[in-house]
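J.: Take a look and give me a structure for this.
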Amino acid sequence: MKKLYASMILNALIVIFVIFGCIIMFAGLQFMGEGRILSETGVYMLKFYTVDSNILAGLSSILLLVHQFYIIKGATRRIPVAVMIFKQITTVALTITFLVTLFYLAPFSPYGFFSLYLNANLFFHLIVPVLAIISYVFFEKYKNDTEYAWWGLSTMIIYITYYLTNIIAHIAENNIPKYDFYGFTNGNLRNIAVIVPIFLLLTYWVSDGLIRLNLKFSKYRLK
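T.: Reported below is the predicted structural model:
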């Protein structure tokens, strides 16, 4: 029960921070200086994988909290497989967000490494992903095994499809960088043939790795 309560606390924090981060970015509020990179206001913030993955993570945490509450009340003894898979998918997405920011976006930011951790991005790029990884790996009950690793690719496949379609649809404007806002193609569409397989492979490794860590460190299961 201690692990269950710890998971509930972490997931409640995830929901709170996601809501807070969305409000800040939507309204364009800045409390840590001027955020000049990967920051949009209004509905335009939804173009970022970071924002989408955090929103999905907030939804998966809410679903998990509901079923954990049912467990405490004795209304059920297990979490539905669909809820567990959804939590896995969103944790994978947040881990990708965390890793890409840490090892690619932040080091090459023209405004400095910490420019990717200002205002709403402090929650989206760091706090929420770390909380999600900790809760998933150490404190949550799962029946899933590595056979579910492929599910982790789902958000990446959907987002890559949107991202590339958006670039190709505007290629006639001869302004690829405007729509390649993460800079993955580096202004050259031929780089897609390299970038897409790398991201899909990285995502699968992350998904498989998170499941293996969960199996190792979360010693109890819902049968």
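
J.: other SSEs contacting the helix or strand hosting Tyr70?
T.: Secondary structure from DSSP states H and E places Tyr70 in helix 49-73. For helix 49-73, the contact count by 3 or more Cβ pairs under 8 Å, 6 or more residues apart in numbering; DSSP states H and E identifies helix 2-27, helix 81-100, helix 128-138, helix 154-169 as packing neighbours. Glycine gets a C-beta too; all of them are placed from N, C-alpha and C.

J.: for Ala106, phi and psi?
T.: Backbone geometry at Ala106, expressed as degrees, to the nearest 10, gives phi -70, psi -50.

J.: what's the nearest residue to the residue most central in space within the chain if we skip its chain neighbours?
T.: Most central in the chain under Cα atoms, centre = their mean is Leu94, positioned 2.2 Å from the mean C-alpha point. Leaving out its chain neighbours, the residue that sits closest to Leu94 by Cβ to Cβ, 6 or more residues apart in numbering is Pro129, at 4.1 Å.

J.: Figure out which of the helices and strands packed on helix 49-73 is closest to Ser53.
T.: Closest to Ser53 of these, according to Cβ to Cβ: helix 81-100, at 3.7 Å.

J.: how about that closest one as PDB, C-alpha atoms only?
T.: The C-alpha trace of helix 81-100 is given here as PDB (Å, rounded to 0.1, in the frame of the first residue of the first chain):
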ATOM      1  CA  VAL A  81      -4.700  -3.500 -19.200                       C
ATOM      2  CA  ALA A  82      -5.700  -0.600 -21.400                       C
ATOM      3  CA  VAL A  83      -5.000   1.900 -18.600                       C
ATOM      4  CA  MET A  84      -1.600   0.300 -18.000                       C
ATOM      5  CA  ILE A  85      -0.700   0.400 -21.700                       C
ATOM      6  CA  PHE A  86      -1.800   4.000 -21.900                       C
ATOM      7  CA  LYS A  87       0.400   4.900 -18.900                       C
ATOM      8  CA  GLN A  88       3.300   3.100 -20.600                       C
ATOM      9  CA  ILE A  89       2.800   4.900 -23.800                       C
ATOM     10  CA  THR A  90       2.700   8.300 -22.200                       C
ATOM     11  CA  THR A  91       5.700   7.600 -20.000                       C
ATOM     12  CA  VAL A  92       7.700   6.600 -23.100                       C
ATOM     13  CA  ALA A  93       6.700   9.800 -24.800                       C
ATOM     14  CA  LEU A  94       7.800  11.900 -21.800                       C
ATOM     15  CA  THR A  95      11.100  10.000 -21.600                       C
ATOM     16  CA  ILE A  96      11.700  10.800 -25.300                       C
ATOM     17  CA  THR A  97      10.900  14.500 -24.600                       C
ATOM     18  CA  PHE A  98      13.300  14.500 -21.600                       C
ATOM     19  CA  LEU A  99      16.200  12.800 -23.500                       C
ATOM     20  CA  VAL A 100      15.800  14.800 -26.700                       C
END
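
J.: follow-up on the earlier one: closest one to Asn119 among the helices and strands packed on helix 49-73?
T.: Nearest of the helices and strands packed on helix 49-73 to Asn119, taken as Cβ to Cβ: helix 2-27 at 5.8 Å.

J.: gap between that closest one and the chain center?
T.: 13 Å (Cα atoms, centre = their mean, to the nearest Å).

J.: so Phe17 sits right up against Leu131, yeah?
T.: Yes: assessed by Cβ atoms under 8 Å, Phe17 is found in contact with Leu131 at 7.4 Å.
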